[in-house]
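> Provide a 3D model corresponding to the input given below.
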Amino acid sequence: MSFARLTFIAVLAVAAFTAGPAAAQWPERPVRLVVSVGAGGAADLLSRNLASGFSQFANGQALVVENRPGAGGTIAAASVAREKPDGHTLFLAEVGPNAVSHTLAKLPYDPHTAFTPIIHVANLPAVVLIRSTLPYKTLAEFVAAAKQQPGKFNYASAGLGNWTHLFMSYLNSRAGIDQVNVVYRSGAEMLTSLLRGDADTAIITVSTSLGQVREGKIRALAGAAMRPMRQLPDVPPAGQTIPGFDVSVWHGIVGPAGMDPALVTRINAVFNQVLQAPAVRNAITEGQAADIIAGTPQQFDAFIKGELKRWPEVVKAAGIKAD
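A predicted model of the protein is given here:
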């Protein structure tokens with residue numbers, strides 16, 4: 001039996017032992033999952049994949065995806081932080097609003113204390129893209145051109161402090177180049193901007209851009225993480241050109257601060273079941289090219305604390321600013 005399967009069984013056993021009567025009744029009505037980007041992006045698709053398998057494990061109640069884009073995800077995050085900690089409003093957490101944005105701007109919440117970690121859902125690979133009408137075939141070629149022409153090229157992002165902004169700012173800093181940030185509402189809009197030629201480059205998830213890359217409508221210069229991308233095996237990692245560059249997109253579920261531990265255990269168990277459902281698992285791992293993480297609230301809590309330590313140090317060292 002695999003380690004992941006044993007972990008899943010252990011999580012369910014703990015949930016059955018610790019959840020009280022009130023927690024066992026959750027959810028008593030539809031659950032809102034607030035997403036910090038617009039419809040069509042990878043985070044939105046991930047949320048809808050979760051929603052597709054939710055009701056069979058959650059007393060027949062629906063998981064309703066609510067898109068609230070803007071301000072690098074902090075508008076959505078702040079709205080959830082103000083909600084009652086009853087488990088009926090949750091947030092799809094990510095690196096921007098949950099680990100980095102507080103280093104770029106003053107926020108109406110403190111990411112260290114405003115949320116209750118519930119489950120680390122998945123990590124999604126991302127890719128450095130360039131519009132196909134530009135002549136550069138490799139990341140090294142583009143970096144060389146950008147160094148000769150500071151400020152000539154622009155890149156698409158999904159908002160200040162969003163991971164798409166953070167990752168490209170980090171790449172620019174490590175490579176010693178200057179690109180202008182143009183903000184869109186989602187990964188899907190960013191992709192459209194590349195196809196139209198409005199933006200020159202972007203870092204977008206593989207799942208959002210794979211079809212257009214394979215059709216030659218946009219060009220993949222490099223993977224954002226050092227690990228190979230199974231969908232684009234011939235695309236090298238950016239770290240081969242820009243030493244030290246190695247980033248990935250993570251998503252998990254958090255609730256407002258102050259949630260009852262038994263309720264957290266119950267919600268975690270439900271989402272672990274959702275992630276084990278074959279249709280959901282296939283949609284995420286194959287359809288979105290993502291790695292399912294799952295696990296316990298404690299594991300996700302430790303992971304977020306690590307991100308809260310890592311990224312502010314990266315932002316400071318790289319001189320990344322909210323343009």
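> What mean pLDDT does the helix or strand harbouring residue 193 get?
Assigned by DSSP states H and E, residue 193 belongs to helix 187-196. The average of the pLDDT scores along helix 187-196 is 93.
> Show me how far that helix is from its chain's centre.
How far helix 187-196 lies from its chain's middle: 18 Å, per Cα atoms, centre = their mean, to the nearest Å.
> other SSEs contacting that helix?
Judged by 3 or more Cβ pairs under 8 Å, 6 or more residues apart in numbering; DSSP states H and E, helix 187-196 is in contact with strand 126-131, strand 154-157, strand 201-205, helix 206-214, strand 218-223. Quick note: C-beta positions are derived from backbone N, CA and C, even for glycine.
> Comparing the ones you listed, which stretch has the densest surroundings?
Of the helices and strands packed on helix 187-196, the one with the most neighbours on average (mean count of other Cβ atoms under 10 Å) is strand 201-205, at a mean of 29.
> and that one with helix 206-214, angle?
Taking axes from the mean of the first three to the mean of the last three Cα atoms, to 10 degrees, one finds strand 201-205 and helix 206-214 inclined to each other by 120 degrees.
> Direction included, what does strand 201-205 pair against?
Strand 201-205 pairs in its sheet with strand 126-131 (antiparallel), strand 154-157 (parallel), by DSSP bridges.
> What segments of the protein are helices?
Secondary structure of the chain (DSSP state H): helices located at 3-18, 21-24, 42-52, 74-81, 95, 139-148, 163-175, 187-196, 206-214, 261-276, 278-282, 297-318.
> Please state the offset of the last one from the chain centre?
Relative to its chain's centre, helix 297-318 lies at 14 Å (Cα atoms, centre = their mean).
> Looking at the helices of the chain, which is nearest to residue 249?
For residue 249, the closest of the helices of the chain is helix 163-175, at 5.8 Å, according to Cβ to Cβ.
> Centre of the chain to the closest one, how far?
15 Å.
> any idea of the mean pLDDT for it?
Averaging pLDDT along helix 163-175 yields 93.
> who are the neighbours of it, in terms of helices and strands?
Counting contacts by 3+ Cβ pairs under 8 Å, 6+ apart, helix 163-175 is packed against helix 139-148, strand 154-157, strand 180-183, strand 201-205, helix 297-318.
> quick revisit: can the helices of the chain go into TSV with extra columns for distance to residue 155?
Formatted as TSV, the helices of the chain follow (distance: least, Cβ to Cβ, whole Å):
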stretch	distance to residue 155
helix 3-18	36
helix 21-24	45
helix 42-52	17
helix 74-81	20
helix 95	17
helix 139-148	10
helix 163-175	5
helix 187-196	9
helix 206-214	14
helix 261-276	33
helix 278-282	32
helix 297-318	15
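> Out of those helices, the one nearest residue 240 is which?
Closest approach to residue 240 among these is made by helix 139-148 (8.3 Å; Cβ to Cβ).
> Now do the buried residues in that closest one.
Residues of helix 139-148 classed as buried: 139-140, 142-143, 146 (neighbour count, 16 or more other Cβ atoms under 10 Å).
> Name the residues that touch it?
With contact meaning Cβ atoms under 8 Å, 6 or more residues apart in numbering, helix 139-148 is reached by 128, 130, 134-136, 152-153, 175-179, 201, 221-222, 236, 238, 241-242.
> Of all the helices of the chain, which one comes closest to residue 64?
Closest approach to residue 64 among these (Cβ to Cβ): helix 42-52, 7.3 Å.
> lowest-confidence helix or strand of this protein?
Least confident helix or strand, the chain: helix 3-18 with a mean of 51, by mean pLDDT, DSSP states H and E.
> Could you check the pLDDT of the spatially closest residue to residue 293 that is not a sequence neighbour?
Nearest residue to residue 293, sequence neighbours excluded (Cβ to Cβ, 6 or more residues apart in numbering): residue 120, at 4.3 Å. Residue 120 is assigned 98 on the pLDDT scale.
> Could you pull up the contacting residues of residue 120?
By Cβ under 8 Å, 6+ apart, the contact list for residue 120 reads 250, 252, 293-295, 299-300, 303.
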